[in-house]
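Undergrad: the following comprises the amino acid sequence and a computationally predicted model.
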Amino acid sequence: MDAGITLLQCWSNRATEKPYLFGHGQNFRKLRPPFFWYNIATVLDATSHYSPLVRHPAFRELLAVARQWFTPDGLIIPQSVYLSFKKYSFGQKKVPSPWTTLFLSRICKRAAETDPDGIQVVLSIDGPSLKGSKGKPVRAETGHAKGKR
């Protein structure tokens, strides 16, 4: 639980503290599967298993940021990919990825089951306008969030 709190505090304190290689700019916010680096998806996945963390304001903000990646059809198109995974659905950045959609949908489902009232809070947050480590809003530049399909 302490590790999860630390992850969420890194996000909460992003304007004043930046541990080396743990920034919260555009690369942190990109969905680049598979998720084994420090980014929004790994933080949400790690913290979504703990009720107190799901209710944390930082978790809600992160989920609001991630929400922008869903298309109107409820699918996710990865914004960036590792070339070594190009033969998998999550290795494509021009078409929806069932695997990436499932990954983030499971996080949303856990959050909704754990904190039903929190979902309304998440929906009220303009995630893309939240500022990154350098104090600037970091809006999506690729994928659905920019209007590309």
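TA: Alright, I've got the coordinates. Here the structure is a predicted model, which means the values were calculated and not measured.
Undergrad: make it CA atoms for all contacts and neighbour counts henceforth
TA: Fine.
Undergrad: could you say what helices and strands the helix or strand bottoming out on mean pLDDT in the chain packs with?
TA: When each helix and strand of the chain is scored by mean pLDDT, DSSP states H and E, helix 26-29 comes last, with a mean of 86. Taking 3 or more Cα pairs under 8 Å, 6 or more residues apart in numbering; DSSP states H and E as contact, there are no helices or strands that helix 26-29 lies on.
Undergrad: swap the cut-off to 10 Å and go again
TA: Applying 3 or more Cα pairs under 10 Å, 6 or more residues apart in numbering; DSSP states H and E, one finds that helix 26-29 contacts helix 40-47, helix 57-67.
Undergrad: so of these, which one's packed in deepest?
TA: helix 57-67 (a mean of 22; mean count of other Cα atoms under 10 Å).
Undergrad: state the mean pLDDT of that helix.
TA: Computed over helix 57-67, the mean pLDDT rounds to 95.
Undergrad: next SSE after it?
TA: The first helix or strand that comes after helix 57-67 along the chain, using DSSP states H and E, is helix 98-114.
Undergrad: return the distance of the helix or strand just after that next one from the chain's centre.
TA: The helix or strand immediately downstream of helix 98-114 is helix 116-124, counting by DSSP H and E. Computed by Cα atoms, centre = their mean, to the nearest Å, the chain-centroid distance of helix 116-124 equals 16 Å.
Undergrad: hey, what's the angle from helix 116-124 to helix 98-114? Just curious.
TA: Helix 116-124 runs at 130 degrees relative to helix 98-114, counting by axes from the mean of the first three to the mean of the last three Cα atoms, to 10 degrees.
Undergrad: contacts only, for residue 108.
TA: Going by Cα atoms under 10 Å, 6 or more residues apart in numbering, residue 108 touches 44-45, 48, 63, 66-67, 102, 114, 119.
Undergrad: to clarify, my last question referred to residue 66.
TA: 29-31, 40-41, 44, 60, 104, 108, 127-128 are the contacts of residue 66 under Cα under 10 Å, 6+ apart.
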